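# Below is the sequence, then the predicted model.
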Amino acid sequence: MLYRYYLKSDETLTANLQPLPDGYKMSYWQPRLLETKPGELPWYPFLVWWVMHYCRLFESRNYGMLLVHHSGKLVHRSCIFPKFFRFPFMTRGDLQIGDTWTALEHRGKGLATFALQAILMKHELTHCRFWYVVEDNNDFSVRVVEKSGFSMVGTGRKMPRFGMSALGFYHMHASDGAVDLSRSPTIALNITRPKSNQWGLAMKRTLDFVASSLGLVLCLPLFAFIALWIKFDSPGPVFYRGRRAGKHGKPFEIFKFRSMVIGADKVGGPTTSNDDARVTRSGKFIRRLKLDELSQLINVVRGDMSLVGPRPEVVHKVEKYSAEERRVLTLRPGITDWASIWNSDEGGVLAAAPDPDEAYERVIRPWKIKLQLHYVQTHTFLTDVQIVFYTLLKLVLRDWTPVPLKEYPTFDKLRDTVDALSIRSTEVA
(Lines give C-alpha, C1' and ligand atoms only; values in the text may rest on other atoms or scores of the structure.)
Protein backbone atom coordinates (compact mmCIF):
# COMPACT_ATOMS: atom_id res chain seq x y z
CA MET A 1 0.00 0.00 0.00
CA LEU A 2 1.41 3.40 -1.02
CA TYR A 3 0.90 6.36 1.31
CA ARG A 4 1.10 10.13 0.87
CA TYR A 5 2.79 12.20 3.57
CA TYR A 6 1.49 15.71 4.25
CA LEU A 7 2.99 18.41 6.46
CA LYS A 8 1.55 21.63 7.87
CA SER A 9 4.19 23.80 9.55
CA ASP A 10 3.70 26.08 12.53
CA GLU A 11 3.89 29.13 10.25
CA THR A 12 0.72 28.04 8.43
CA LEU A 13 -1.15 26.59 11.37
CA THR A 14 -4.10 28.95 11.19
CA ALA A 15 -7.43 27.42 10.22
CA ASN A 16 -10.94 28.71 9.53
CA LEU A 17 -13.17 26.47 11.60
CA GLN A 18 -16.32 25.52 9.74
CA PRO A 19 -19.48 25.30 11.86
CA LEU A 20 -20.43 21.88 13.13
CA PRO A 21 -23.78 20.71 11.71
CA ASP A 22 -26.79 20.89 14.03
CA GLY A 23 -27.16 17.97 16.42
CA TYR A 24 -23.44 17.20 16.63
CA LYS A 25 -21.25 17.73 19.68
CA MET A 26 -17.46 17.76 19.86
CA SER A 27 -15.27 16.65 22.78
CA TYR A 28 -11.53 16.19 23.25
CA TRP A 29 -10.31 13.15 25.18
CA GLN A 30 -6.88 12.51 26.66
CA PRO A 31 -5.86 9.43 28.68
CA ARG A 32 -5.52 10.02 32.38
CA LEU A 33 -4.77 7.89 35.42
CA LEU A 34 -7.49 5.24 35.88
CA GLU A 35 -9.30 6.63 32.82
CA THR A 36 -12.44 4.77 31.76
CA LYS A 37 -13.44 4.14 28.18
CA PRO A 38 -15.24 7.23 26.86
CA GLY A 39 -18.79 6.82 25.62
CA GLU A 40 -19.24 4.80 22.46
CA LEU A 41 -15.50 4.54 21.74
CA PRO A 42 -14.68 1.00 20.57
CA TRP A 43 -12.45 -1.09 22.82
CA TYR A 44 -9.68 -1.49 20.24
CA PRO A 45 -8.46 2.15 20.03
CA PHE A 46 -9.02 2.65 23.75
CA LEU A 47 -6.81 -0.32 24.69
CA VAL A 48 -4.13 0.77 22.21
CA TRP A 49 -4.08 4.24 23.75
CA TRP A 50 -3.99 2.82 27.26
CA VAL A 51 -1.04 0.51 26.52
CA MET A 52 0.94 3.23 24.73
CA HIS A 53 0.19 5.74 27.50
CA TYR A 54 1.17 3.60 30.48
CA CYS A 55 4.11 1.91 28.73
CA ARG A 56 5.34 5.39 27.81
CA LEU A 57 5.82 4.50 24.14
CA PHE A 58 5.21 8.13 23.18
CA GLU A 59 8.01 10.68 23.47
CA SER A 60 5.64 13.34 24.86
CA ARG A 61 2.23 13.57 26.54
CA ASN A 62 0.71 15.93 23.97
CA TYR A 63 -1.81 13.57 22.40
CA GLY A 64 -5.44 12.55 22.50
CA MET A 65 -8.59 12.03 20.44
CA LEU A 66 -11.14 14.43 19.04
CA LEU A 67 -14.57 12.82 19.27
CA VAL A 68 -17.82 13.89 17.59
CA HIS A 69 -21.15 12.54 18.89
CA HIS A 70 -24.66 12.63 17.47
CA SER A 71 -27.65 11.73 19.65
CA GLY A 72 -25.24 10.33 22.25
CA LYS A 73 -23.53 8.06 19.72
CA LEU A 74 -19.92 8.36 18.56
CA VAL A 75 -19.91 9.15 14.82
CA HIS A 76 -16.38 10.45 14.22
CA ARG A 77 -12.91 9.95 15.71
CA SER A 78 -9.59 11.65 14.89
CA CYS A 79 -6.45 10.70 16.82
CA ILE A 80 -3.49 13.00 17.52
CA PHE A 81 -0.17 11.21 17.96
CA PRO A 82 3.18 12.63 19.07
CA LYS A 83 6.46 11.29 17.68
CA PHE A 84 6.90 7.57 18.37
CA PHE A 85 8.45 4.52 16.73
CA ARG A 86 5.90 4.20 13.90
CA PHE A 87 6.75 7.62 12.47
CA PRO A 88 10.59 7.90 12.38
CA PHE A 89 10.47 10.95 10.07
CA MET A 90 8.89 13.10 12.80
CA THR A 91 10.86 15.09 15.37
CA ARG A 92 10.11 15.90 18.99
CA GLY A 93 7.24 18.38 19.20
CA ASP A 94 5.62 17.28 15.93
CA LEU A 95 2.11 15.83 15.99
CA GLN A 96 0.49 13.43 13.56
CA ILE A 97 -3.23 13.16 12.84
CA GLY A 98 -4.32 9.65 12.01
CA ASP A 99 -6.60 6.69 12.68
CA THR A 100 -9.58 8.80 11.58
CA TRP A 101 -12.98 7.17 11.32
CA THR A 102 -16.48 8.39 10.44
CA ALA A 103 -19.68 6.35 10.71
CA LEU A 104 -20.97 5.42 7.26
CA GLU A 105 -24.34 7.15 7.64
CA HIS A 106 -22.68 10.42 8.71
CA ARG A 107 -20.14 10.73 5.91
CA GLY A 108 -20.38 13.62 3.48
CA LYS A 109 -21.38 16.10 6.20
CA GLY A 110 -17.97 17.72 6.64
CA LEU A 111 -17.14 16.04 9.97
CA ALA A 112 -13.61 15.07 8.88
CA THR A 113 -12.84 18.61 7.71
CA PHE A 114 -14.29 20.11 10.89
CA ALA A 115 -12.30 17.75 13.13
CA LEU A 116 -9.05 18.43 11.28
CA GLN A 117 -9.46 22.21 11.50
CA ALA A 118 -10.55 22.00 15.14
CA ILE A 119 -7.35 20.14 16.00
CA LEU A 120 -5.26 22.75 14.18
CA MET A 121 -6.97 25.58 16.04
CA LYS A 122 -6.55 23.84 19.40
CA HIS A 123 -2.77 23.66 18.86
CA GLU A 124 -2.43 27.02 17.10
CA LEU A 125 -0.30 28.47 19.91
CA THR A 126 1.85 25.40 20.57
CA HIS A 127 4.19 26.08 17.62
CA CYS A 128 4.17 22.46 16.52
CA ARG A 129 3.91 20.95 13.07
CA PHE A 130 1.30 18.47 11.95
CA TRP A 131 1.76 15.42 9.77
CA TYR A 132 -1.00 13.53 8.02
CA VAL A 133 -0.47 10.12 6.39
CA VAL A 134 -3.07 9.22 3.77
CA GLU A 135 -3.53 6.12 1.64
CA ASP A 136 -2.74 7.05 -1.95
CA ASN A 137 -6.11 5.84 -3.25
CA ASN A 138 -8.15 7.62 -0.55
CA ASP A 139 -9.30 10.55 -2.70
CA PHE A 140 -11.69 11.89 -0.06
CA SER A 141 -9.01 12.21 2.65
CA VAL A 142 -6.58 13.72 0.14
CA ARG A 143 -9.12 16.45 -0.67
CA VAL A 144 -9.79 17.13 3.02
CA VAL A 145 -6.09 17.42 3.87
CA GLU A 146 -5.19 19.60 0.90
CA LYS A 147 -8.23 21.80 1.55
CA SER A 148 -6.89 22.41 5.07
CA GLY A 149 -3.59 23.76 3.76
CA PHE A 150 -1.32 20.72 4.14
CA SER A 151 1.55 20.28 1.65
CA MET A 152 2.57 16.86 0.36
CA VAL A 153 6.25 16.25 1.17
CA GLY A 154 6.68 12.65 0.06
CA THR A 155 5.33 9.16 -0.48
CA GLY A 156 6.21 5.85 1.10
CA ARG A 157 5.07 2.53 2.46
CA LYS A 158 4.43 0.88 5.79
CA MET A 159 7.38 -1.39 6.55
CA PRO A 160 6.87 -4.51 8.70
CA ARG A 161 9.00 -5.06 11.79
CA PHE A 162 9.91 -8.55 13.04
CA GLY A 163 7.71 -9.74 10.17
CA MET A 164 4.62 -8.14 11.77
CA SER A 165 2.70 -5.26 10.21
CA ALA A 166 1.22 -4.22 13.57
CA LEU A 167 4.71 -3.28 14.81
CA GLY A 168 5.74 -1.70 11.53
CA PHE A 169 6.79 1.85 10.77
CA TYR A 170 6.08 4.33 7.98
CA HIS A 171 9.01 4.95 5.67
CA MET A 172 9.05 8.09 3.53
CA HIS A 173 10.80 9.23 0.36
CA ALA A 174 10.89 13.02 0.02
CA SER A 175 9.32 14.66 -3.02
CA ASP A 176 11.80 17.03 -4.63
CA GLY A 177 10.56 20.61 -4.45
CA ALA A 178 7.31 19.67 -2.70
CA VAL A 179 7.98 21.93 0.28
CA ASP A 180 10.90 23.93 1.61
CA LEU A 181 12.45 21.94 4.45
CA SER A 182 15.67 23.96 4.58
CA ARG A 183 14.60 25.61 7.85
CA SER A 184 14.36 22.20 9.44
CA PRO A 185 17.62 20.27 8.97
CA THR A 186 16.57 17.49 11.33
CA ILE A 187 13.44 16.78 9.33
CA ALA A 188 15.34 16.93 6.05
CA LEU A 189 17.93 14.48 7.39
CA ASN A 190 15.32 12.03 8.60
CA ILE A 191 13.57 12.10 5.24
CA THR A 192 16.70 11.26 3.30
CA ARG A 193 18.00 8.84 5.89
CA PRO A 194 15.15 7.32 7.91
CA LYS A 195 15.77 6.69 11.55
CA SER A 196 16.08 2.99 12.27
CA ASN A 197 13.91 1.20 14.79
CA GLN A 198 15.82 1.10 18.08
CA TRP A 199 13.96 -1.98 19.31
CA GLY A 200 14.76 -3.88 16.13
CA LEU A 201 18.41 -2.83 16.23
CA ALA A 202 18.72 -3.86 19.88
CA MET A 203 17.24 -7.27 19.13
CA LYS A 204 19.45 -7.62 16.05
CA ARG A 205 22.57 -6.74 18.05
CA THR A 206 21.67 -9.23 20.80
CA LEU A 207 21.19 -12.04 18.30
CA ASP A 208 24.39 -11.05 16.50
CA PHE A 209 26.39 -11.28 19.71
CA VAL A 210 24.91 -14.59 20.86
CA ALA A 211 25.09 -16.27 17.44
CA SER A 212 28.61 -15.05 16.62
CA SER A 213 29.96 -16.01 20.06
CA LEU A 214 28.50 -19.50 19.67
CA GLY A 215 29.83 -19.67 16.10
CA LEU A 216 33.35 -18.80 17.22
CA VAL A 217 33.30 -21.57 19.82
CA LEU A 218 31.97 -24.16 17.36
CA CYS A 219 34.40 -23.12 14.62
CA LEU A 220 37.55 -23.20 16.76
CA PRO A 221 38.78 -26.54 15.33
CA LEU A 222 38.20 -25.28 11.78
CA PHE A 223 39.93 -22.00 12.61
CA ALA A 224 42.94 -23.87 13.96
CA PHE A 225 43.20 -25.95 10.77
CA ILE A 226 42.94 -22.89 8.50
CA ALA A 227 45.49 -20.98 10.60
CA LEU A 228 48.04 -23.82 10.39
CA TRP A 229 47.53 -24.18 6.63
CA ILE A 230 48.04 -20.45 6.06
CA LYS A 231 51.23 -20.40 8.16
CA PHE A 232 52.74 -23.42 6.40
CA ASP A 233 51.67 -22.23 2.93
CA SER A 234 53.22 -18.74 2.92
CA PRO A 235 55.06 -16.42 5.29
CA GLY A 236 53.07 -13.83 7.14
CA PRO A 237 50.30 -13.47 9.75
CA VAL A 238 47.18 -15.62 9.85
CA PHE A 239 44.80 -12.67 9.64
CA TYR A 240 44.60 -9.83 7.18
CA ARG A 241 43.41 -6.73 9.02
CA GLY A 242 42.27 -4.12 6.49
CA ARG A 243 40.60 -0.79 7.12
CA ARG A 244 36.92 -0.68 6.21
CA ALA A 245 34.16 1.89 6.63
CA GLY A 246 31.66 0.89 9.30
CA LYS A 247 28.42 2.39 10.53
CA HIS A 248 28.21 6.12 9.74
CA GLY A 249 31.52 5.75 7.89
CA LYS A 250 33.58 5.14 11.04
CA PRO A 251 36.72 3.14 10.08
CA PHE A 252 37.44 -0.23 11.70
CA GLU A 253 39.84 -3.15 11.18
CA ILE A 254 38.22 -6.13 9.52
CA PHE A 255 39.47 -9.65 10.33
CA LYS A 256 39.89 -11.97 7.35
CA PHE A 257 41.94 -15.14 7.05
CA ARG A 258 44.86 -14.09 4.89
CA SER A 259 44.40 -15.42 1.37
CA MET A 260 47.01 -13.29 -0.41
CA VAL A 261 50.74 -12.65 -0.18
CA ILE A 262 52.16 -10.07 2.20
CA GLY A 263 51.89 -6.52 0.84
CA ALA A 264 49.24 -7.45 -1.74
CA ASP A 265 47.44 -4.15 -1.16
CA LYS A 266 50.61 -2.29 -2.20
CA VAL A 267 51.05 -4.06 -5.55
CA GLY A 268 47.42 -4.08 -6.70
CA GLY A 269 43.95 -2.68 -6.18
CA PRO A 270 41.31 -3.71 -3.61
CA THR A 271 39.37 -5.78 -6.16
CA THR A 272 40.49 -9.39 -6.62
CA SER A 273 39.75 -11.84 -9.45
CA ASN A 274 40.13 -15.62 -9.34
CA ASP A 275 43.29 -15.53 -11.45
CA ASP A 276 44.96 -12.82 -9.35
CA ALA A 277 48.64 -13.74 -8.91
CA ARG A 278 48.57 -12.35 -5.37
CA VAL A 279 46.28 -15.14 -4.11
CA THR A 280 48.11 -17.98 -2.32
CA ARG A 281 47.42 -21.70 -2.77
CA SER A 282 45.55 -21.93 0.52
CA GLY A 283 43.85 -18.64 -0.31
CA LYS A 284 42.28 -20.04 -3.49
CA PHE A 285 40.59 -22.78 -1.47
CA ILE A 286 39.35 -20.67 1.44
CA ARG A 287 38.14 -17.91 -0.90
CA ARG A 288 36.17 -20.38 -3.01
CA LEU A 289 34.32 -21.65 0.08
CA LYS A 290 34.15 -18.17 1.66
CA LEU A 291 36.06 -19.46 4.70
CA ASP A 292 38.10 -16.26 4.83
CA GLU A 293 34.91 -14.44 5.87
CA LEU A 294 34.30 -16.66 8.92
CA SER A 295 36.88 -14.79 10.97
CA GLN A 296 34.63 -11.72 10.73
CA LEU A 297 32.61 -13.31 13.53
CA ILE A 298 35.25 -11.57 15.68
CA ASN A 299 34.13 -8.24 14.25
CA VAL A 300 30.49 -9.12 14.97
CA VAL A 301 31.29 -9.89 18.62
CA ARG A 302 33.21 -6.61 18.90
CA GLY A 303 30.26 -4.69 17.47
CA ASP A 304 31.99 -3.52 14.29
CA MET A 305 29.76 -5.67 12.08
CA SER A 306 26.52 -7.62 12.01
CA LEU A 307 25.80 -11.09 10.67
CA VAL A 308 23.58 -9.56 7.98
CA GLY A 309 24.14 -6.12 6.48
CA PRO A 310 25.72 -4.33 3.53
CA ARG A 311 29.25 -5.58 2.91
CA PRO A 312 31.89 -3.11 4.19
CA GLU A 313 33.88 -1.15 1.63
CA VAL A 314 37.38 0.30 1.83
CA VAL A 315 37.42 3.80 3.26
CA HIS A 316 38.59 5.67 0.16
CA LYS A 317 35.71 4.26 -1.92
CA VAL A 318 33.11 5.26 0.66
CA GLU A 319 34.44 8.80 0.62
CA LYS A 320 33.23 9.03 -2.99
CA TYR A 321 29.68 7.88 -2.22
CA SER A 322 26.78 10.09 -3.24
CA ALA A 323 24.27 11.31 -0.65
CA GLU A 324 21.88 8.50 -1.67
CA GLU A 325 24.59 5.83 -1.47
CA ARG A 326 25.64 6.97 2.01
CA ARG A 327 22.34 5.63 3.33
CA VAL A 328 24.09 2.24 3.22
CA LEU A 329 26.21 3.50 6.13
CA THR A 330 23.20 3.92 8.44
CA LEU A 331 23.48 0.23 9.35
CA ARG A 332 26.35 -1.89 10.62
CA PRO A 333 28.09 -3.68 7.73
CA GLY A 334 27.51 -7.41 7.61
CA ILE A 335 29.14 -10.70 6.71
CA THR A 336 26.44 -11.41 4.14
CA ASP A 337 23.59 -9.60 2.40
CA TRP A 338 21.51 -9.74 -0.79
CA ALA A 339 24.45 -8.51 -2.86
CA SER A 340 26.73 -11.25 -1.47
CA ILE A 341 24.25 -13.93 -2.53
CA TRP A 342 23.66 -12.36 -5.94
CA ASN A 343 27.36 -11.96 -6.72
CA SER A 344 28.77 -14.91 -4.78
CA ASP A 345 31.57 -15.45 -7.32
CA GLU A 346 32.87 -11.95 -7.87
CA GLY A 347 36.35 -13.26 -8.56
CA GLY A 348 35.00 -15.44 -11.37
CA VAL A 349 33.16 -12.52 -12.96
CA LEU A 350 36.32 -10.40 -12.97
CA ALA A 351 38.73 -13.20 -13.95
CA ALA A 352 39.16 -12.05 -17.57
CA ALA A 353 39.19 -8.32 -16.86
CA PRO A 354 42.50 -6.56 -17.60
CA ASP A 355 41.56 -3.98 -14.95
CA PRO A 356 39.45 -5.66 -12.23
CA ASP A 357 38.95 -2.38 -10.35
CA GLU A 358 37.46 -0.63 -13.38
CA ALA A 359 35.31 -3.64 -14.26
CA TYR A 360 34.01 -3.78 -10.69
CA GLU A 361 33.11 -0.09 -10.68
CA ARG A 362 31.33 -0.20 -14.03
CA VAL A 363 29.66 -3.62 -13.98
CA ILE A 364 29.19 -4.88 -10.41
CA ARG A 365 29.07 -1.85 -8.14
CA PRO A 366 25.84 -0.24 -9.53
CA TRP A 367 23.85 -3.44 -8.94
CA LYS A 368 25.53 -4.05 -5.59
CA ILE A 369 24.62 -0.58 -4.31
CA LYS A 370 21.05 -1.02 -5.54
CA LEU A 371 20.69 -4.25 -3.57
CA GLN A 372 22.28 -2.73 -0.47
CA LEU A 373 19.93 0.26 -0.56
CA HIS A 374 16.99 -2.12 -0.97
CA TYR A 375 18.12 -3.97 2.17
CA VAL A 376 18.46 -0.71 4.13
CA GLN A 377 14.88 0.24 3.22
CA THR A 378 13.21 -3.13 3.77
CA HIS A 379 15.24 -5.13 6.31
CA THR A 380 13.42 -6.96 9.10
CA PHE A 381 14.35 -9.77 11.47
CA LEU A 382 12.72 -12.31 9.15
CA THR A 383 14.59 -10.83 6.18
CA ASP A 384 17.88 -11.41 8.02
CA VAL A 385 16.94 -15.02 8.74
CA GLN A 386 16.02 -15.47 5.07
CA ILE A 387 19.36 -14.03 3.91
CA VAL A 388 21.35 -16.30 6.25
CA PHE A 389 19.40 -19.33 4.98
CA TYR A 390 19.91 -18.33 1.33
CA THR A 391 23.62 -17.77 1.96
CA LEU A 392 24.05 -21.30 3.31
CA LEU A 393 22.11 -22.72 0.34
CA LYS A 394 24.26 -20.74 -2.08
CA LEU A 395 27.42 -22.30 -0.66
CA VAL A 396 26.05 -25.74 -1.60
CA LEU A 397 24.06 -24.88 -4.76
CA ARG A 398 26.40 -22.43 -6.47
CA ASP A 399 24.27 -22.09 -9.64
CA TRP A 400 21.02 -21.57 -7.73
CA THR A 401 19.39 -18.11 -7.62
CA PRO A 402 16.77 -17.16 -4.98
CA VAL A 403 13.46 -15.83 -6.29
CA PRO A 404 14.02 -12.27 -4.91
CA LEU A 405 17.18 -12.01 -7.05
CA LYS A 406 15.80 -13.37 -10.34
CA GLU A 407 15.48 -9.87 -11.83
CA TYR A 408 19.18 -9.12 -11.40
CA PRO A 409 21.89 -10.05 -13.95
CA THR A 410 23.18 -13.62 -13.74
CA PHE A 411 26.82 -14.68 -13.49
CA ASP A 412 26.97 -15.37 -17.23
CA LYS A 413 25.49 -11.99 -18.11
CA LEU A 414 27.92 -10.19 -15.82
CA ARG A 415 30.82 -12.17 -17.28
CA ASP A 416 29.73 -11.28 -20.83
CA THR A 417 29.54 -7.60 -19.88
CA VAL A 418 33.04 -7.72 -18.41
CA ASP A 419 34.34 -9.50 -21.55
CA ALA A 420 32.76 -6.86 -23.79
CA LEU A 421 34.30 -4.13 -21.66
CA SER A 422 37.70 -5.81 -21.95
CA ILE A 423 37.41 -6.01 -25.77
CA ARG A 424 36.55 -2.30 -26.02
CA SER A 425 39.47 -1.42 -23.75
CA THR A 426 41.82 -3.47 -25.96
CA GLU A 427 40.54 -1.81 -29.14
CA VAL A 428 41.03 1.66 -27.65
CA ALA A 429 44.56 0.78 -26.57
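Everything's here; your move.

# Please, where are all the strands along the protein?
2-8, 24-29, 64-70, 73-82, 95-102, 130-135, 151-161, 164-174, 239-245, 251-257, 306-308, 334-336 (DSSP state E).

# Show me which residues of stretch 302-321 are buried.
Buried residues in stretch 302-321, counted by 16 or more other CB atoms under 10 Å: 304-315, 317-318, 321. From N, CA and C alone the C-beta is placed, and that goes for glycine too.

# I meant stretch 106-122, not that one.
Using 16+ other CB under 10 Å as the burial criterion, the residues of stretch 106-122 that qualify are 109, 111-120.

# Low-confidence stretches in the stretch 1-150 of the chain?
For the stretch 1-150 of the chain, the stretches with pLDDT under 70 are 10-18, 32-46, 48-50, 52-62, 85, 124-127.

# Out of the buried residues of stretch 302-321, the closest to Asp265 would be?
Nearest to Asp265, judged by CB to CB, of the buried residues of stretch 302-321 is Val314 at 9.1 Å.

# Do I have it right that the closest one meets Gly242?
Yes. Using CB atoms under 8 Å, Val314 is in contact with Gly242, at 7.1 Å.

# picking up where we left off before, turn the strands of the chain into CSV, columns for distance to Pro409.
CSV is the format used below for these (distance: least, CB to CB, whole Å):
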stretch, distance to Pro409
strand 2-8, 28
strand 24-29, 56
strand 64-70, 52
strand 73-82, 43
strand 95-102, 41
strand 130-135, 35
strand 151-161, 26
strand 164-174, 25
strand 239-245, 26
strand 251-257, 27
strand 306-308, 22
strand 334-336, 19
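
# and of these, who's closest to Trp229?
The closest of these to Trp229 is strand 251-257. By CB to CB, the value is 9.3 Å.

# Could you check the angle the closest one makes with strand 239-245?
For strand 251-257 against strand 239-245, the angle between stretch directions is 150 degrees (axes from the mean of the first three to the mean of the last three CA atoms, to 10 degrees).

# Identify the residue spatially nearest to Trp101, adjacent ones excluded.
Nearest-residue entry for Trp101: Arg77, 4.8 Å, with adjacent residues in sequence omitted and distances by CB to CB, 6 or more residues apart in numbering.

# hmm, back to that, can you tell me which two in the buried residues of stretch 106-122 are farthest apart?
Among these, the pair separated by the greatest distance (CB to CB) is Lys109 and Leu120, at 19.2 Å.

# how much space between Asn138 and Arg241?
In this view, Asn138 and Arg241 are 55 Å apart by CB to CB, to the nearest Å.

# Revised request: answer the last question for Asp419.
Remark: distance between Asp419 and Arg241 (CB to CB) = 34 Å.

# Kindly report the same for Leu74.
65 Å.

# Give me the more crowded residue out of those two.
Shown here are Leu74 and Arg241; by other CB atoms under 10 Å, Leu74 has more neighbours (17 against 13).

# on that earlier part again, if I pick the residue nearest to Trp101, what's in contact with it?
The contact partners of Arg77, by CB atoms under 8 Å, 6 or more residues apart in numbering, come to 41, 45, 65-68, 99-102.

# May I see those arranged in TSV, with distance to Lys247 and neighbour count as well?
Formatted as TSV, these follow (distance: CB to CB, whole Å; neighbours: other CB atoms under 10 Å):
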residue	distance to Lys247	neighbour count
Leu41	43	15
Pro45	37	15
Met65	39	21
Leu66	41	21
Leu67	45	21
Val68	47	24
Asp99	34	16
Thr100	38	18
Trp101	41	13
Thr102	45	18
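
# just these now: which is nearest Ala353?
Nearest to Ala353 out of the contacts of Arg77 is Asp99 (CB to CB; 55.4 Å).

# Can you tell me the closest non-neighbouring residue to the closest one?
Cys79 (4.1 Å).

# what sits opposite that neighbour in the beta ladder?
Legend: beta-bridge partners of Cys79 under DSSP bridges are Met65, Gly98.

# thinking Leu350 is in contact with Pro356, fair?
Yes. In this structure, Leu350 is within contact of Pro356 by CB under 8 Å, at 4.4 Å.

# how about Gln96, what does it touch?
Residues in contact with Gln96 (CB under 8 Å, 6+ apart) are 80-83, 87, 90, 130-133.

# any idea which of those residues is closest to Phe257?
Among those, and counting by CB to CB, the member closest to Phe257 is Phe87, at 44.2 Å.

# residues near Lys73, how many?
Using other CB under 10 Å, the number of residues around Lys73 comes to 10.

# and Lys147, what does it touch?
Going by CB under 8 Å, 6+ apart, Lys147 touches Thr113.

# again, 10 Å this time
Residues counted as contacts of Lys147 (CB atoms under 10 Å, 6 or more residues apart in numbering) are 113, 116-117.

# ok, now Ser212?
Counting by CB under 10 Å, 6+ apart, Ser212 makes contact with 296-302, 305-307, 335.

# Export those as CSV, with columns for distance to Leu373 and pLDDT.
Formatted as CSV, the contacts of Ser212 follow (distance: CB to CB, whole Å; pLDDT from 0 to 100):
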residue, distance to Leu373, pLDDT
Gln296, 22, 93
Leu297, 26, 94
Ile298, 27, 93
Asn299, 22, 93
Val300, 22, 93
Val301, 27, 92
Arg302, 26, 89
Met305, 19, 93
Ser306, 17, 93
Leu307, 19, 94
Ile335, 19, 94
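
# wait, which of those residues is closest to Gly246?
Met305 (7.4 Å).

# measure that closest one to Ile80 for me?
From Met305 to Ile80 the distance is 41 Å (CB to CB).

# what's the neighbour count on the nearest residue to Val349 once chain neighbours are set aside?
Closest residue to Val349 apart from its sequence neighbours, by CB to CB, 6+ apart: Leu414 at 4.7 Å. Counted with other CB under 10 Å, the neighbours of Leu414 add up to 22.

# Leu414 touches Trp367, doesn't it?
Yes. Counting by CB atoms under 10 Å, Leu414 does reach Trp367; the two are 8.3 Å apart.

# Mutual contacts of the two, please.
The contact lists of Leu414 and Trp367 share 342-343, 408, where a contact means CB under 10 Å, 6+ apart.

# Can you select the buried ones among those for me in ChimeraX?
To isolate the buried members of these in ChimeraX, using 16+ other CB under 10 Å:
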select :342,343,408
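
# Point out the least confident one among the shared contacts of Leu414 and Trp367.
Model confidence across the shared contacts of Leu414 and Trp367 bottoms out at Asn343, which has 85.

# Could you double-check that that one lies in contact with Thr401?
No. Using CB under 10 Å, Asn343 is not in contact with Thr401, being 11.1 Å away.
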